[in-house]
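A.B. asks: Turn this into a model:
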Amino acid sequence: MMTSAEIRQKFLDFFASKGHQIVPSAPIVVKNDPTLLFTNAGMNQFKDYFLGNKKASSPRIADTQKCLRVSGKHNDLEEVGVDTYHHTMFEMLGNWSFGDYFKAEAIAWSWELLTEVYQLDKDRLYVSIFQGDEKENLPKDEEAFAEWKKVIAEDRILPGNKKDNFWEMGDTGPCGPCTEIHVDCRSDEERKKVDGKTLVNNDHPQVIEIWNNVFMQFNRLKDGSLQPLPAQHVDTGMGFERLVRVIQGKQSNYDTDVFTGTIEATEKITGKKYDYGNSKEAIAFRVLADHIRAIAFAIADGQLPSNNGAGYVIRRILRRAVRYYYSYLDYKQPLLFQLMPLLARQFEQVFPELHKQLDFVSKVVKEEEDAFLKTLDKGLKRIDDIIAQSKEQIEGKAAFELFDTFGFPIDLTRLIASENRLTIDEKGFEAEMQQQKDRSRAAGTVDTEDWVVITDTTLNEFVGYDSLEIRSKVTRYRKVKAKGKEAYQLVLEATPFYAESGGQVGDTGTLDFDGEQVEVTDTKKENNLIIHFTATLPVNIQLPVMARVDGSKRHATTIHHSATHLLHAALRKVLGNHVAQKGSLVNEEQLRFDFSHFAKVSDEEITQIEAIVNEKIRENIPVYITEMSKEDAIAMGAMALFGEKYGDLVRVVVMDKNYSIELCGGTHVGHTGELGFFKIKHESAVAAGVRRIEAVSGKAAESLIHEQFEQVRFIREALKNPKEISRAVEVLQSDNSELRKRIESLEAKQLLVTKKELLERTESIQGINFLGAVVEVSSADNLKKLCFEIKTALTDYVVVLAANVDGKAQVAILLDEAVSATKNLDAPKIIKEQVAGLIKGGGGGQKTLATAGGQDASNLPAVIEKVRSLLS
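C.D. replies: Down below sits the predicted model:
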């Protein structure tokens with residue numbers, strides 16, 4: 001029986017023999033594409049080729065691509081583990097033609113690979129073709145039909161509707177008719193009873209699609225219309241896990257060697273046995289075997305778990321896995337991180353990034369597990385209470401409480417609800433989320449119109465390494481709306497504006513249309529287009545344009561980018577070679593560098609790092625920048641970042657070949673001496689195993705040093721110019737501490753005196769000891785302390801004390817528990833309903849003790865009388 005590794009390699013070898021270039025998988029985390037969080041299809045990394053924005057390195061390409069589908073159009077998360085074939089992360093085997101071959105070759109080769117190389121039974125295969133769509137005015141795919149008739153019986157060629165046989169990546173973008181290949185994995189007895197073709201595309205678990213050949217012919221515009229693509233392309237995708245299942249003759253993807261190693265390891269860790277069935281325990285095994293892959297490779301590609309965007313998707317997946325092993329495998333400590341070494345070894349040859357970062361990824365996952373396990377038990381107890389109080393539906397407010405307080409993603413609450421035959425008030429939950437401004441959508445939606453094409457060209461050259469000012473032309477533009485404001489995005493034939501990438505912010509500047517200046521507020525990349533952001537359009541956008549970058553801002557930013565390279569190398573020298581970049585921000589004001597490290601960087605280490613960087617600056621090292629193949633660059637010692645997609649040619653930045661060699665597309669100085677000086681401002685933790693350094697160089701460093709010297713000068717003068725400032729500050733702190741102790745002692749004695757005076761003013765109202773007074777205290781805390789002192793000397797009491805503290809009203813209400821119960825009095829309620837309005841403030845507390853603060857101290861006597869009246 002072929003192993004999964006052999007099956008994958010046979011696919012790549014087959015298409016290499018057909019003249020295809022074999023390329024590595026793109027990162028699972030998507031950058032420079034606002035329409036996607038994750039790579040959800042094999043074609044994502046080739047989108048620019050289909051749109052004509054970029055020329056492919058070869059007209060024929062094949063690969064295996066890491067994909068992730070959990071949200072939006074392709075939402076499979078709730079099915080994962082329950083059935084035998086849905087996954088979060090999966091591999092997509094694909095072959096591609098960019099304006100080269102089309103339907104005839106694609107169909108013939110797919111049949112050859114399946115039936116001759118993999119030797120699948122032809123009698124078990126069915127194919128579907130696009131039957132056409134009247135609404136879209138699209139005809140039946142007669143060409144695909146004719147090609148299939150050459151190799152398969154006509155009664156096995158099935159018509160498919162737009163839903164099944166017209167592929168679209170999203171609401172907009174490349175699309176076209178497709179032909180699918182399905183395989184019937186049922187037993188011979190079952191196949192005799194029911195014709196397999198009646199089960200195609202009917203969600204039968206044993207009659208499944210394994211390969212989709214998409215024929216890219218159109219681009220879907222925002223208005224829904226279809227525009228022919230500049231050239232016809234082939235985009236095929238074959239689910240690797242399903243293919244392995246078919247070839248290995250298994251009834252479930254999880255029974256193949258893609259997953260069995262993980263399941264066996266989980267059995268050893270938990271002491272449970274996988275029973276291959278549909279029990280909650282079996283589902284838990286499958287959930288872990290699936291989810292661990294999505295979690296591991298997303299983190300390895302640079303996406304840390306967080307509370308928004310792509311990071312929250314990874315957190316949701318991880319917490320779903322934790323809940324399954326906690327509840328159904330009875331394992332109450334971190335488990336997922338223990339599976340990482342096995343997973344890293346399994347994929348070392350095809351996706352080596354996990355193996356190279358094993359310690360880092362394991363650390364992040366373990367800390368995420370630890371954090372969720374701390375609240376999971378309490379959350380499960382709370383949801384049990386909620387379920388007990390619910391009849392048919394869990395209220396939206398309760399679902400939101402589980403999300404906000406216990407970290408339960410809504411799909412986890414939904415899962416637990418369904419296990420108890422309940423639904424969730426989804427609208428109520430969304431309303432609660434909206435009130436808190438759902439963090440995953442906090443940035444607001446951007447409404448983007450279609451491009452208005454002025455010149456139909458793919459030219460979009462960046463010339464900003466060598467020039468900050470050039471004459472160019474606008475080739476296309478579009479209007480965008482965000483947060484109620486309109487703006488515009490422009491694309492030029494050639495531009496000196498650097499688009500935000502690699503941590504470096506986008507350039508700003510001006511576009512001069514024959515004297516009419518339009519300000520460029522930002523520059524970004526979308527797919528492979530450099531987009532200039534403006535608030536307005538010129539009167540005549542077809543005029544030639546003089547594009548000018550803000551040179552001062554660019555230079556300051558460039559200094560910080562070069563300083564980042566020097567810092568990265570210094571960190572590795574001081575802390576160790578495990579240090580790897582995990583994020584960066586480079587602008588004119590400072591640099592921010594995130595890196596893998598498991599401990600706080602000490603003051604001594606920071607001093608060493610600064611010394612190394614400044615030494616390299618003083619050496620005035622020439623900065624060499626060249627282009628070469630990625631393989632040559634890695635061979636010479638260049639550091640490539642995990643999660644970045646590099647082309648065949650890479651840009652290499654060298655600052656002393658024995659010190660710093662990095663792959664980088666950013667802008668850099670000519671010599672390190674231009675940086676002047678380097679200073680670290682701050683070091684902190686960002687996430688599990690990730691530290692952050694903020695630093696400055698150039699004029700920004702000069703400004704920082706000036707500000708710090710000014711502060712030192714001010715402190716020196718305030719201390720009467722001592723010889724040793726640090727010693728003078730120590731003496732000042734010591735004196736201050738001693739004086740505070742004396743003041744606290746005097747205040748404690750004064751409180752006892754005040755207590756004695758107040759107790760003499762206690763009055764009885766209907767059998768209740770009432771004490772109300774405006775007193776003099778130095779703080780709200782002392783007002784509270786005074787209440788506690790009085791409490792020890794009274795029974796059956798209601799106490800209300802008020803004070804003017806630094807011009808602000810402070811109030812404390814203390815109730816005897818028995819009085820609170822018999823008189824139905826609630827201290828926070830009294831504050832809210834009787835006191836807050838009088839002092840123009842608010843507060844709260846426990847049932848028998850509450851405090852409040854407010855802006856108006858003139859009504860304190862009225863506060864006392866208001867509370868007194870409640871006892872009458």
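A.B. asks: hang on, residue 91 in a strand?
C.D. replies: Yes. Going by DSSP: H, G, I helix; E, B strand; the rest coil, the assignment for residue 91 places it inside a strand.
A.B. asks: Confirm residue 96 sits in a strand?
C.D. replies: Yes. Looking at residue 96 with three-state DSSP, it is inside a strand.
A.B. asks: How about it: which residues does it bridge to?
C.D. replies: Beta-bridge pairing of residue 96, defined through DSSP bridges, involves residue 61, residue 235.
A.B. asks: quick one: the helices in the stretch 501-650 of the chain?
C.D. replies: Per DSSP state H, counting those that start in this stretch, the stretch 501-650 of the chain carries helices over the ranges 551-575, 603-618, 630-635.
A.B. asks: Phi and psi next, for residue 465.
C.D. replies: Comment: the main-chain dihedrals of residue 465 come out as phi -70, psi -30, following degrees, to the nearest 10.
A.B. asks: secondary structure class for the residue lying closest to it once chain neighbours are set aside?
C.D. replies: Leaving aside its chain neighbours, residue 465 sits nearest to residue 667 (6.6 Å; criterion: CB to CB, 6 or more residues apart in numbering). (Glycine included, C-beta is placed from N, CA and C.) Local secondary structure at residue 667 is given as coil here, using three-state DSSP.
A.B. asks: what's the spacing between residue 667 and residue 549?
C.D. replies: To residue 549, residue 667 is 10 Å away according to CB to CB, to the nearest Å.
A.B. asks: now stretch 821-840: how far from the chain's centre is it?
C.D. replies: Per CA atoms, centre = their mean, to the nearest Å, the displacement of stretch 821-840 from the mean C-alpha position of its chain is 44 Å.
A.B. asks: again with stretch 749-765
C.D. replies: Between the mean C-alpha point of stretch 749-765 and the mean C-alpha point of its chain there is a distance of 58 Å (CA atoms, centre = their mean).
A.B. asks: which residues do residue 667 and residue 549 both contact?
C.D. replies: Contact criterion CB atoms under 8 Å, 6 or more residues apart in numbering; residues shared by residue 667 and residue 549: 464, 498.
A.B. asks: count of neighbours near residue 834?
C.D. replies: When counting by other CB atoms under 10 Å, one arrives at 17 neighbours for residue 834.
A.B. asks: just to revisit the earlier point, the residue nearest to residue 465 contacts residue 498, correct?
C.D. replies: Yes. Taking CB atoms under 8 Å as the contact criterion, residue 667 and residue 498 are neighbours in contact, 5.9 Å apart.
A.B. asks: Please name the nearest non-neighbouring residue to residue 672.
C.D. replies: The shortest distance from residue 672 to any residue that is not its chain neighbour, by CB to CB, 6+ apart, is 4.5 Å, and that residue is residue 621.
A.B. asks: Pull the residues that contact stretch 278-296.
C.D. replies: Identification of contacts with stretch 278-296 by CB under 8 Å, 6+ apart yields 68, 70, 80-82, 84, 87-89, 254, 259, 262-263, 266-267, 272, 274-276, 314, 317-318, 320-321, 324-325, 327-329, 335-336, 339-340, 343-344, 354, 361, 365, 419.
A.B. asks: and with 7 Å instead?
C.D. replies: Outside of stretch 278-296, the residues that reach it under the criterion CB atoms under 7 Å, 6 or more residues apart in numbering are 68, 80-82, 87-89, 254, 259, 262-263, 266, 272, 274-276, 314, 317-318, 320-321, 324-325, 328-329, 336, 339-340, 343, 354, 361, 365.
A.B. asks: Check stretch 598-612 too.
C.D. replies: Applying CB under 7 Å, 6+ apart, the contact partners of stretch 598-612 are 363, 570, 571, 573, 574, 575, 678, 679, 680, 683, 689, 691.
A.B. asks: In it, which residues are buried?
C.D. replies: Neighbour-count burial for stretch 598-612, counted by 16 or more other CB atoms under 10 Å, picks out 601, 605, 606, 608, 609, 610, 612.
A.B. asks: Now find how far off-centre the strand or helix carrying residue 700 is within its chain.
C.D. replies: Take DSSP states H and E as the rule and residue 700 turns out to sit in helix 699-718. Its chain's average C-alpha position is 38 Å from that of helix 699-718, according to CA atoms, centre = their mean.
A.B. asks: ditto for stretch 645-662
C.D. replies: Mean-position distance between stretch 645-662 and its chain equals 27 Å (CA atoms, centre = their mean).
A.B. asks: any idea which helix or strand carries residue 36?
C.D. replies: With DSSP H and E as the criterion, residue 36 is inside neither a helix nor a strand.
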